[in-house]
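*Asks:* got a sequence here, can you build the structure:
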Amino acid sequence: MDRLSPIGLLVSLAAIIGGQALEGGHLLSLVQVTAFMIVIGGTAGAVMLQSSPATFLLGLRLFPWVFQAPALDFRRSLDMLVEWSTVARRGGLLALEARMAETEDPYVRKGLQLLVDGAEPAVLRSCLELEIDLFEEVHRQGAKVWESAGGYAPTIGILGAVLGLIHVMENLSDPARLGGGIAVAFVATIYGVGAANLLFLPVAGKLKAIIGRQVRLREMLLDGFEAIANGENPRNIELKLEAYLD
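*Replies:* Below is the predicted model:
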């Protein structure tokens, strides 16, 4: 579990709420259901309008990665590549067929299948590069769902502020109702700017970083598969791919 993510979220919220309390403000003044509905509902609707259903749902499914990212073990993957290279040099590429059942990763299975089928190194690289490109494109679109929310939320917050001020202007003759309208106006802006900069944009950035690591692992595997197809020495493969461990 990524402990830094929840800690960061709690620290940012504590700083804002603590600052409000130190200034003598009432914490309940930050709680406005109307402002929340305007900002979150408006932002969600705008993102839905922009995204395809599949992309929007993927973005939601990626959210847990912020706190529990898929496990990536570069060292173990490198050790497996060296092992596969040794097996291929001793028993030929067909000997790798038994290793296909040992992995659940479709990308790894496809690489091993291409080796077993005797694909030329150039063909192997072309096929696996296409897999990487499609994986990266699809998942980055999912991360952009949160990035888009970070772009829309502040503007929706301003829209909520304008609606609150309209409510104020409509009730100038009734001082008892002015406070509620003014509260919605300012709190909506806080919700919009806060949600964008404390949640949506950081989530998008974190997801992009995680996706980048997954792409880098696949690139290491690709280089390893190509080296095996070229019949390179296992020790040379290990030395070359150790750069990915940094």
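*Asks:* report the separation between the most centrally placed residue in the chain and residue 139.
*Replies:* With distances taken as CA atoms, centre = their mean, residue 207 lies nearest the centre of the chain, 1.9 Å away. Going from residue 207 to residue 139 by CB to CB, to the nearest Å gives 8 Å. From N, CA and C alone the C-beta is placed, and that goes for glycine too.
*Asks:* which residues are in contact with both of these two?
*Replies:* Applying CB atoms under 8 Å, 6 or more residues apart in numbering, one finds that residue 207 and residue 139 are jointly contacted by residue 62.
*Asks:* neighbours of residue 202, how many?
*Replies:* Residue 202 is flanked by 18 other residues according to other CB atoms under 10 Å.
*Asks:* so for the closest residue to it other than its chain neighbours, what pLDDT did the model give?
*Replies:* Among residues not flanking residue 202 along the chain, residue 8 sits closest, at 7.3 Å (CB to CB, 6 or more residues apart in numbering). pLDDT, residue 8: 88.
*Asks:* since we're on residue 8, how many residues are nearby?
*Replies:* Neighbours around residue 8, by other CB under 10 Å: 15.
*Asks:* what helix or strand is residue 236 on?
*Replies:* Using DSSP states H and E, residue 236 sits in helix 234-241.
*Asks:* what are the buried residues along the strand or helix carrying the residue nearest to the centre of the chain?
*Replies:* For residue 207, the host element (DSSP H and E) is helix 201-229. Of the residues in helix 201-229, 201-204, 206-207, 210-211, 214-215, 217-218, 220-229 count as buried by neighbour count, 16 or more other CB atoms under 10 Å.
*Asks:* restricting to C-alpha, output stretch 145-155 in CSV.
*Replies:* The C-alpha coordinates for stretch 145-155 follow below in CSV (Å, rounded to 0.1, in the frame of the first residue of the first chain):
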residue,chain,number,x,y,z
VAL,A,145,-10.6,11.5,-16.7
TRP,A,146,-9.2,12.9,-13.4
GLU,A,147,-7.1,15.5,-15.1
SER,A,148,-10.2,16.7,-16.9
ALA,A,149,-12.1,16.9,-13.6
GLY,A,150,-9.3,19.0,-12.3
GLY,A,151,-9.7,21.4,-15.2
TYR,A,152,-13.5,21.7,-14.9
ALA,A,153,-13.9,21.8,-11.1
PRO,A,154,-12.6,25.4,-10.6
THR,A,155,-14.8,26.7,-13.3
